[in-house]
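Colleague: how would this look folded up:
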Amino acid sequence: MIAHIQGRGDVSAALGTWMGKRGGRQWMEGFAIQPAPGLAAGDMEYQAILGADWFSPWVNGGAYCGSRGMALPLLGLRVRLKGEAARQFVCRIEACFTDGTHLGPLEDAPVMASSQAPLEAFRIEILPRQAAALSDPSPEDAAGKAAPATMPPADQSAPSVPRVRRGRRVVPPRVAVEPPALPDAAADKPVPWWHRRPEKPVAAPVTASTRGRSRRTGRRSRTVAQS
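Modeller: Next up, the predicted model:
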C-alpha cells in the first residue's frame, strides 16, 4: 500500500498493517492498494470519500486514488472485492480520523466519521471466508453460551417470605385543653390617666322658679334699654 500523508509525503506499508500514524493528526490526500497474492488487479476496487455524498470514481487495485501535494484531505474510503474473489474472501477495513474517531472493522461499507474529520490511518485485511467465520462467533452461539450463566434454573424458585400482619393502630381520645385564665388587668394594674375617659358634667335640673327668673331678667333688660 502507498499513501500520500500531510507533511510526510508518500509512505508505504504492507497489506494487513496500519497505513499512517494513529493519533498523529496528519491527514491523507491519496492512496493506492495492491491486491494480496493470488488476487488480480481487477478483483479489487476502491474509492476515496471527499465529502458528504461526494465519492471519487471506482479504481482497480494498484491504481492511485485521490490527490497528491494539493492539501486536500480525504474524509474516508471504501474498498471491496468483486466476482469470484468476493465469494471466497472477505475484505475488512479499520480507520482512524484526526478527531480521535475509530471505526471498524467494516466489510464493503463507506468508512467515514460522522464529524467528517480527515482520515489519518487505515488498515485492510483480506481473509478467506471460512477463516473469517471461525474467528467471529455467531450471535446465536454467544447468546447460547451466556444463557446458563445469566438465567437461573427453572426448578429453583425464590423462598417465600411470610407476611407479618400488623395490628390496628389505636387512636388516643382527644382531651380538651382549657386556656389558662388571664389575670384581671383592671384589678391588678391601675389604668393610666391618658387612657381614662373624661367624665361628662351633670347638668343641673331646671326648675320652674329658674325659668321664671330668666324670663323676668330678660324683660327687665329690654325695659332699661328702651328708657
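
Colleague: can you give me the helices in this structure?
Modeller: Here the chain has its helices, by DSSP state H, at 83-88, 129-135, 139-150, 185-188, 208-226.

Colleague: In terms of mean pLDDT, which of the ones you listed ranks lowest?
Modeller: Lowest mean pLDDT within the helices of the chain: helix 139-150, a mean of 41.

Colleague: can you count the residues close to residue 37?
Modeller: For residue 37, the neighbour count with other C-beta atoms under 10 Å is 7. (C-beta placed from N, C-alpha, C; glycine too.)

Colleague: Equivalent analysis for residue 6, please.
Modeller: Neighbourhood size, residue 6 [other C-beta under 10 Å]: 17.

Colleague: and residue 105, what does it touch?
Modeller: If a contact means C-beta atoms under 8 Å, 6 or more residues apart in numbering, then residue 105 has 92, 93, 94, 125 as its contacts.

Colleague: again, only this time at 6 Å
Modeller: 92, 94 (C-beta atoms under 6 Å, 6 or more residues apart in numbering).

Colleague: before we move on, what about residue 81?
Modeller: Residue 81 makes contact with 43, 44, 89, 91 under the criterion C-beta under 6 Å, 6+ apart.

Colleague: wait, what's in contact with residue 91?
Modeller: With contacts defined as C-beta under 6 Å, 6+ apart, the neighbours of residue 91 are 79, 81, 126.

Colleague: what about the first one, neighbour count?
Modeller: As a burial measure, the neighbour count of residue 79 was computed by other C-beta under 10 Å and equals 22.

Colleague: Find the nearest non-adjacent residue to it, please.
Modeller: By the measure of C-beta to C-beta, 6 or more residues apart in numbering, the closest residue to residue 79 outside its immediate chain neighbours is residue 46, 4.2 Å from it.

Colleague: you'd agree that neighbour is up against residue 82?
Modeller: No - proximity of residue 46 to residue 82 does not meet the contact threshold set by C-beta atoms under 6 Å, at 11.0 Å.

Colleague: Give me the more crowded residue out of the two.
Modeller: Remark: of residue 46 and residue 82, residue 46 carries more neighbours, 21 against 16, as counted by other C-beta under 10 Å.

Colleague: how much space is there between the residue nearest to residue 7 when sequence neighbours are not counted and residue 93?
Modeller: Distances taken as C-beta to C-beta, 6+ apart place residue 26 nearest to residue 7, at 5.5 Å, with adjacent residues excluded. Here residue 26 is placed at a distance of 19 Å from residue 93 (C-beta to C-beta, to the nearest Å).

Colleague: Tell me which of these two has more neighbours.
Modeller: Per other C-beta under 10 Å, whichever of residue 26 and residue 93 has more neighbours is residue 93, with 23 against 17.

Colleague: dump the residue contacts of that one.
Modeller: 79, 104, 106, 111, 124.

Colleague: next one: residue 98
Modeller: Contacts here follow C-beta under 6 Å, 6+ apart; on that basis residue 98 touches 25, 27, 117, 118, 120.

Colleague: Let's see that with 10 Å instead.
Modeller: The contact partners of residue 98, by C-beta atoms under 10 Å, 6 or more residues apart in numbering, come to 6, 23-27, 73, 113, 115, 117-121.

Colleague: Could you pick out which of those are located in strands?
Modeller: Cross-referencing the contacts of residue 98 with the strands (criterion: DSSP state E) gives 119, 120, 121 as the overlap.

Colleague: Pick out whichever of those residues sits closest to residue 34.
Modeller: Closest approach between those and residue 34, by C-beta to C-beta: residue 121, at 18.0 Å.
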